[in-house]
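>>> Provide a 3D model corresponding to the input given below.
(chains A and B)
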2 protein chains.
Amino acid sequence: MSAEKVSLPDKFAKFSEHWRPKVVAQLNGQEVKLVKVEGTFPWHHHDHEDEMFMVWKGRFRVEFRDRVVDMGPGEFVVVPRGVEHRTAADAEAEVLIFEPAAVRNTGNVIDDTYTAPIGATI
Amino acid sequence: MSAEKVSLPDKFAKFSEHWRPKVVAQLNGQEVKLVKVEGTFPWHHHDHEDEMFMVWKGRFRVEFRDRVVDMGPGEFVVVPRGVEHRTAADAEAEVLIFEPAAVRNTGNVIDDTYTAPIGATI
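Residues are numbered from 1 along each chain as shown, chains lettered A, B, ... in the order given. Predicted coordinates for the structure are as follows:
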């Protein structure tokens, strides 16, 4: 493992597709991923992983069955394991994710459109 | 564990002391901490924990024995376990740390000035 500087703006500039998380760092069995989002993701949960979503650019929401957490740059939320949620953005947003390594983005769901390859880096 | 929105600017506004990390989230046995820094921290390492430092505001460096990683907002570095390092900032900087829960900030070193209480939240 090296200790090289990583720039969020530089990494976000390297890809354009939505809902395809890119691993930019690994530590302590966890991964830091970047994702661009626009639209609404499928409802799902993760049985064994908590997930943190931090907004870098734009507006982004995490929707639960009973409420919505709407966030802008520098705001984050932790979704506890087992809790059903979906993510959404009306316009493109850039989001940083902290979670254990090798999590499937759609959790308990397999979706032809939204389920992304695991372990893609950038 | 709740899923409340956390604002980095709001949390940083709540404290002013330097070199005293504040836990703002816990997930998967890891912690997200905020710290304000100015000056130079003691050399140290962590035997069993990788540490991620991401700059929110200002300029901040992680110094290794053979090189320096100098960072601004939106840049981060992961310091692998076992690697000696120290952190520094010429002017006050605001930094986010992602690492396993209950890490001592000075690692293998106990320092009267810099060793901080473990588990302080804000």
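
>>> The nearest residue to residue A:54 once chain neighbours are set aside is in what secondary structure piece?
Nearest non-adjacent residue to residue A:54, counting by CB to CB, 6 or more residues apart in numbering or on different chains: residue A:76, 3.7 Å away. Using the backbone N, CA and C atoms, a C-beta is placed for each residue, glycine as well. In the assignment (DSSP states H and E), residue A:76 maps to strand A:75-79.

>>> Can I get that strand as CSV, trimmed to CA atoms?
Provided in CSV are the C-alpha atoms of strand A:75-79 (Å, rounded to 0.1, in the frame of the first residue of the first chain):
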residue,chain,number,x,y,z
GLU,A,75,-22.7,17.0,4.6
PHE,A,76,-22.9,13.3,5.2
VAL,A,77,-25.1,10.5,6.6
VAL,A,78,-24.4,7.0,7.8
VAL,A,79,-27.0,4.4,6.8
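
>>> Quick one: list the elements packing against it.
Secondary-structure packing of strand A:75-79 (3 or more CB pairs under 8 Å, 6 or more residues apart in numbering or on different chains; DSSP states H and E): strand A:51-57, strand B:6-7, strand B:22-27.

>>> try it again with 7 Å
Other elements packing on strand A:75-79 under the criterion 3 or more CB pairs under 7 Å, 6 or more residues apart in numbering or on different chains; DSSP states H and E are strand A:51-57, strand B:6-7.

>>> next one: stretch A:44-60 to chain centre, how far?
Relative to its chain's centre, stretch A:44-60 lies at 5 Å (CA atoms, centre = their mean, to the nearest Å).

>>> average pLDDT across that stretch?
Across stretch A:44-60, the average pLDDT comes to 97.

>>> Quick one: residues in contact with it.
Here stretch A:44-60 makes contact (CB atoms under 7 Å, 6 or more residues apart in numbering or on different chains) with A:8, A:37, A:62, A:70-73, A:75-87, A:89, A:91-100, A:103, A:106-109, B:25, B:27-28.

>>> Take those and keep only those in helices.
Among those, the members falling in helices (DSSP state H) are residue A:8.

>>> returning to that earlier point: the strand holding residue A:76 versus strand B:22-27: what angle between them?
Strand A:75-79 runs at 40 degrees relative to strand B:22-27, counting by axes from the mean of the first three to the mean of the last three CA atoms, to 10 degrees.

>>> strand partners of strand A:75-79, parallel vs antiparallel please.
Sheet pairing for strand A:75-79, assigned by DSSP bridges, gives strand A:51-57 (antiparallel), strand B:6-7 (antiparallel).

>>> now the strands for chain A?
For chain A, strands defined by DSSP state E occupy the ranges A:6-7, A:22-27, A:30-40, A:51-57, A:60-63, A:68-71, A:75-79, A:86-100.

>>> Could I get the ones you listed in TSV, plus columns for mean neighbour count and distance to residue B:47?
TSV is the format used below for the strands of chain A (neighbours: other CB atoms under 10 Å in any protein chain shown; distance: least, CB to CB, whole Å):
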stretch	mean neighbour count	distance to residue B:47
strand A:6-7	17	24
strand A:22-27	20	15
strand A:30-40	21	18
strand A:51-57	22	25
strand A:60-63	23	36
strand A:68-71	17	36
strand A:75-79	23	27
strand A:86-100	20	22
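
>>> For those, could you give me a markdown table that also reports distance to residue B:57?
Putting the strands of chain A into a markdown table (distance: least, CB to CB, whole Å) gives the following:
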| stretch | distance to residue B:57 |
| --- | --- |
| strand A:6-7 | 16 |
| strand A:22-27 | 20 |
| strand A:30-40 | 19 |
| strand A:51-57 | 14 |
| strand A:60-63 | 21 |
| strand A:68-71 | 18 |
| strand A:75-79 | 15 |
| strand A:86-100 | 16 |
